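Participant: Below is the sequence, then the predicted model.
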Amino acid sequence: MKAIVYADRRGDELLPLTGKTPVALLPVIGKPVLEHTLEDLAEAGVRSVLLVVRAEARDAFATLGAGERWGLNLKTIIAAPDETPTDAARRCAGLLPDTFLALRGDVMRGRVVRDFLAASSNVLAAKVVAEIQGRAAQLCLSRKRDVQLDGLHWSEGSLDRAAGRWRTRELGNVGLARLTGVTDYYLANMDALDRCFAGLAPAGRQIQAGVFAGQDAEVTAESVRDGMAVFGAKCHVPSDTELHGPLVIGDGAVIGAGVFMHACVVMPGASVPEGTRLSNAVVTSDMAIGLDGRMLVRFTDLLAESNAA
């Protein structure tokens, strides 16, 4: 089985998180969204993937290599300006088999591909579309002779049920997040911690019940007073912090002395100034953002106040 995966979304609705990082590479509990998708495909027996990305974002996806980590043959395709998913698939028709998977790589799902393929393999239709609790999962099985993938265009997000010859397959309560804003991104991390996405588990080793730490993470179990937490590789957390889960601390993040945090997502490489108190926030390199998408505090202002004192 071969798949075409669309990771070409700009993601302006997720700014500032997507200022330098494509939506598909935003991390959820320690792994980019796209890596969760690639793992799902590999576990379902898919061996070849065409990855559609924007030209200006190509270098960001270079870290994926040729897919060896997942046992995949990964080939990157550059999306043409204003090209739809249908246009891209038709342009790449020579690289696709008669029947192939098509899906968005910037959508969080549980492990669903294996069950979807099993439920779709004997359906006689030009296209079989996956749904999760009645919502379009932006995953389908398509026949090359009649390819029509407009339901995977990000501005659509759903399918016109009267538009073509296709069938649906309901996948049940396996988790789905479309990441349409900062709040969705925050909730995707919280839901992933709570095991709402079937088959997904936090990255890293478990250092105590519900607390996971990546490679070379400088963190002690005592820093987490309660709740679940995931600490990324090479992050630094001093022992005098007061952390209350659920928490996701990204790779290379630095948490200052005396910091209090509850129910936060800290982006990779971010530094939280000492003494900061935050709840229900997404933390970037220079600010904390609330669940309404508004800035709660800018860290340069905190540092200026500290220096003035």
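Facilitator: Good, I have the coordinates.

Participant: Do you have the helices of the stretch 1-150 of the chain handy? List them.
Facilitator: For the stretch 1-150 of the chain, the helices defined by DSSP state H, counting those that start in this stretch cover 33-43, 85-91, 113-120.

Participant: ugh, wrong one, the stretch 201-309 of the chain
Facilitator: Applying DSSP H, counting those that start in this stretch to the stretch 201-309 of the chain gives helices spanning 299-308.

Participant: distance between the ends of stretch 5-14?
Facilitator: Stretch 5-14 has an end-to-end distance of 20 Å (C-alpha to C-alpha, to the nearest Å).

Participant: Now do that stretch, average pLDDT.
Facilitator: In this model, stretch 5-14 has an average pLDDT of 93.

Participant: Only the buried residues of that stretch, if you could.
Facilitator: Val5, Tyr6, Ala7, Asp8, Arg9, Gly11, Glu13, Leu14 (16 or more other C-beta atoms under 10 Å). Quick note: C-beta positions are derived from backbone N, CA and C, even for glycine.

Participant: swap in stretch 46-59?
Facilitator: For stretch 46-59, burial by neighbour count (16+ other C-beta under 10 Å) applies to Val46, Ser48, Val49, Leu50, Leu51, Val52, Val53, Arg54, Ala57.

Participant: Can you tell me which of those residues is nearest Cys140?
Facilitator: Distance ranking of those against Cys140, using C-beta to C-beta, places Val46 first at 13.9 Å.

Participant: Contact partners for the closest one?
Facilitator: Going by C-beta atoms under 8 Å, 6 or more residues apart in numbering, Val46 touches Met1, Lys2, Ala3, Leu72, Leu101, Val113.

Participant: What of Leu179?
Facilitator: Gly11, Leu14, Val23, Leu26, Val33, Asp106, Val107, Met108, Tyr185, Ala188.

Participant: The nearest residue to Asn280 once chain neighbours are set aside: neighbouring residues, count only.
Facilitator: By the measure of C-beta to C-beta, 6 or more residues apart in numbering, the closest residue to Asn280 outside its immediate chain neighbours is Ala263, 5.0 Å from it. The tally of other residues near Ala263 (other C-beta atoms under 10 Å) stands at 19.

Participant: Output stretch 115-127 in PDB with nothing but the alpha carbons.
Facilitator: Only the C-alpha atoms of stretch 115-127 are listed here, as PDB (Å, rounded to 0.1, in the frame of the first residue of the first chain):
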ATOM      1  CA  ASP A 115      -8.500  -0.700  11.000                       C
ATOM      2  CA  PHE A 116      -9.600   1.700   8.300                       C
ATOM      3  CA  LEU A 117      -7.800  -0.400   5.600                       C
ATOM      4  CA  ALA A 118      -9.400  -3.600   7.000                       C
ATOM      5  CA  ALA A 119     -12.900  -1.900   6.900                       C
ATOM      6  CA  SER A 120     -12.400  -0.500   3.400                       C
ATOM      7  CA  SER A 121     -10.600  -3.300   1.500                       C
ATOM      8  CA  ASN A 122     -13.700  -4.900   0.000                       C
ATOM      9  CA  VAL A 123     -15.800  -1.800  -0.600                       C
ATOM     10  CA  LEU A 124     -16.600  -1.200  -4.300                       C
ATOM     11  CA  ALA A 125     -16.500   2.600  -4.600                       C
ATOM     12  CA  ALA A 126     -14.300   5.200  -6.200                       C
ATOM     13  CA  LYS A 127     -13.400   6.400  -2.700                       C
END
